[in-house]
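Q: build me a structure from this.
(chains A and B)
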Amino acid sequence: MDLQGIATALAIGIGAIGPGIGIGMLAGKGLEAIGRNPEAASEIRTNMILTTAFCEAIAIYALVVALIIKFV
Amino acid sequence: MHVSVAAETLFKIGSFPITNSLLTTIIVTLLLILLAVVVNKNVSKIPSRLQSMMEIMIGALLGLTEDVAGKEFGRKIFPLLATFFIFIIFANWSGLIPGVGSIGFYETKEEAVVLEETNSVYAETHSNTEASDSESDILVTETAESHDSESEIFKPLFRGPTADLNTTLALALISVFMIQFYGFKTLGLKYLKKFFNFRNPINGFIGILELLSEFSRIISFAFRLFGNIFAGEVLLTVIAYLIPFIAPLPFIGLEIFVGFIQALVFMMLSLVFISMATISEH
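A: Have a look, this model is predicted:
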């Protein structure tokens, strides 16, 4: 049985759930804000992308763990 | 498909290993120094194309810094933050240049191991079939050859500097050290009150948490940058193996964007943490 492959898949698969929900909520709220206040679009967009990067970082941690399981 | 999390050692100076990512780091640094010297030499009132490009970039970075940290203090910390941004963005993008990661050479894995194994095989075959010496000789040479072809590994000559955990860890350490440095410089010993406050148990506990979060910043800085860039390189490799033509193009666009965003995030986080450290607690 190849437990290493299963471990890799689980690490990234479970690790992607949280950031996925987070980025979805974040982008939804951001777009809502742009819709209400289109003048502030550029500022909201910058902050949205920045916070998306923070959310994404958590998925990246999971990915790093998965890569370490797979290749090291 | 060959993916290595650690950077490969190209050669050694004494006992100091020169890895491919270190080589690329040096090249990127030299190019940035060259750019700075060239732009600095030809500064004029009517800016050339290169100069106005640099002015736009520096102006945007300075505006961002002054917005968050204030006019006076922003100018003080600006050189550090701008260096972070410019170095990281060019380091990220240098990993996307065609040839970086694909030009390299094949090298046999540690020859000592191969030799040892053939020796043990030799001994085994000798003890088992002492009668037929010639046969065992053939066996030995065959196993040696098969080991040779298996132990040949590909070593790329260049590797993106930020796709190596050592580089990002160094950057993270510099950033976190400078956060503490500016904290002490502006608040003096009062800065320590944030961490060691024993007026009541809740504050004491919060202080411990603050101290822990200070250390976890090193890890999160290092892994965020390393993970993003390394994952990008793995993604490009995988896509190139699946569909070699056209399909990798949008992903390269994505990686250029990610490289920019990560450089911006590193700079912004350092900026925000530094300005948070310099605000005194009530």
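Q: wait, B:A263 sits on B:F85?
A: Yes. In this structure, B:A263 is within contact of B:F85 by C-beta atoms under 8 Å, at 5.2 Å. Every residue, glycine included, has its C-beta placed from N, CA and C.
Q: could you pull up the mean pLDDT of whichever strand or helix holds B:V258?
A: B:V258 belongs to helix B:248-277 when elements are defined using DSSP states H and E. Per-residue pLDDT over helix B:248-277 has a mean of 90.
Q: how about the residues of chain A by chain B?
A: Residues of chain A lying close to chain B (C-beta under 8 Å from any C-beta of the partner chain) are A:49-50, A:53-54, A:56-57, A:60-61, A:63-64, A:67-68, A:71-72.
Q: and those, which are buried?
A: Taking 16 or more other C-beta atoms under 10 Å in any protein chain shown as the criterion, what is buried in these is A:I49, A:A53, A:F54, A:E56, A:A57, A:I60, A:Y61, A:L63, A:V64, A:L67.
Q: show me what contacts the residue nearest in space to the middle of chain A?
A: The residue lying closest to the centre of chain A (C-alpha atoms, centre = their mean) is A:E56, at 3.0 Å. For A:E56, the contact set (C-beta atoms under 8 Å, 6 or more residues apart in numbering or on different chains) comprises A:P19, A:I23, B:N228.
Q: the nearest residue to the first one once chain neighbours are set aside sits in which helix or strand?
A: Leaving aside its chain neighbours, A:P19 sits nearest to A:A59 (3.9 Å; criterion: C-beta to C-beta, 6 or more residues apart in numbering or on different chains). If you go by DSSP H and E, A:A59 is part of helix A:41-71.
Q: check contacts around residue 54.
A: As the question left the chain open, I've gone with chain A. Contacts of A:F54 (C-beta under 8 Å, 6+ apart): B:V265.
Q: that's the wrong chain, I meant chain B
A: Contacts of B:M54 by C-beta under 8 Å, 6+ apart are B:V39.
Q: related to what we said a few turns ago, which one of the contacts of A:E56 sits closest to B:S213?
A: A:P19 (20.0 Å; C-beta to C-beta).
Q: okay, now that closest one: neighbour count?
A: 20 (other C-beta atoms under 10 Å in any protein chain shown).
Q: now for it: which residues touch it?
A: When contacts are taken as C-beta under 8 Å, 6+ apart, A:P19 is in contact with A:C55, A:E56, A:I58, A:A59.
Q: B:S48 now?
A: With contact set as C-beta under 8 Å, 6+ apart, B:S48 has these partners: B:N42.
Q: now do it, the pLDDT please.
A: The score at B:S48 is 86. That number is its pLDDT.
Q: show the backbone phi and psi for it.
A: Per-residue torsions, B:S48: phi -80, psi 180 (degrees, to the nearest 10).
Q: what residues sit buried inside the one helix or strand A:G28 maps to?
A: If you go by DSSP H and E, A:G28 is part of helix A:17-36. Using 16+ other C-beta under 10 Å as the test for burial, helix A:17-36 gives A:P19, A:G22, A:I23, A:L26, A:G30, A:A33, A:I34.
Q: so that helix versus helix A:41-71, what angle?
A: In terms of direction (axes from the mean of the first three to the mean of the last three C-alpha atoms, to 10 degrees), helix A:17-36 departs from helix A:41-71 by 170 degrees.
Q: and helix A:17-36, what's its mean pLDDT?
A: Helix A:17-36 carries an average pLDDT of 94.
Q: just the CA atoms of it, as PDB, please.
A: Output in PDB follows, covering the C-alpha atoms of helix A:17-36 (Å, rounded to 0.1, in the frame of the first residue of the first chain):
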ATOM      1  CA  ILE A  17     -10.500  23.600   2.200                       C
ATOM      2  CA  GLY A  18     -10.000  26.500   4.700                       C
ATOM      3  CA  PRO A  19      -8.200  28.900   2.400                       C
ATOM      4  CA  GLY A  20     -10.800  28.100  -0.300                       C
ATOM      5  CA  ILE A  21     -13.600  29.200   1.900                       C
ATOM      6  CA  GLY A  22     -11.600  32.200   3.100                       C
ATOM      7  CA  ILE A  23     -10.700  33.500  -0.300                       C
ATOM      8  CA  GLY A  24     -14.300  33.000  -1.500                       C
ATOM      9  CA  MET A  25     -15.700  35.000   1.400                       C
ATOM     10  CA  LEU A  26     -13.000  37.700   1.000                       C
ATOM     11  CA  ALA A  27     -13.500  38.200  -2.700                       C
ATOM     12  CA  GLY A  28     -17.300  38.200  -2.300                       C
ATOM     13  CA  LYS A  29     -17.200  40.900   0.300                       C
ATOM     14  CA  GLY A  30     -14.600  42.900  -1.700                       C
ATOM     15  CA  LEU A  31     -16.700  42.800  -4.800                       C
ATOM     16  CA  GLU A  32     -19.800  43.800  -2.800                       C
ATOM     17  CA  ALA A  33     -17.800  46.800  -1.500                       C
ATOM     18  CA  ILE A  34     -16.800  47.800  -5.000                       C
ATOM     19  CA  GLY A  35     -20.400  47.500  -6.100                       C
ATOM     20  CA  ARG A  36     -21.500  49.800  -3.300                       C
END
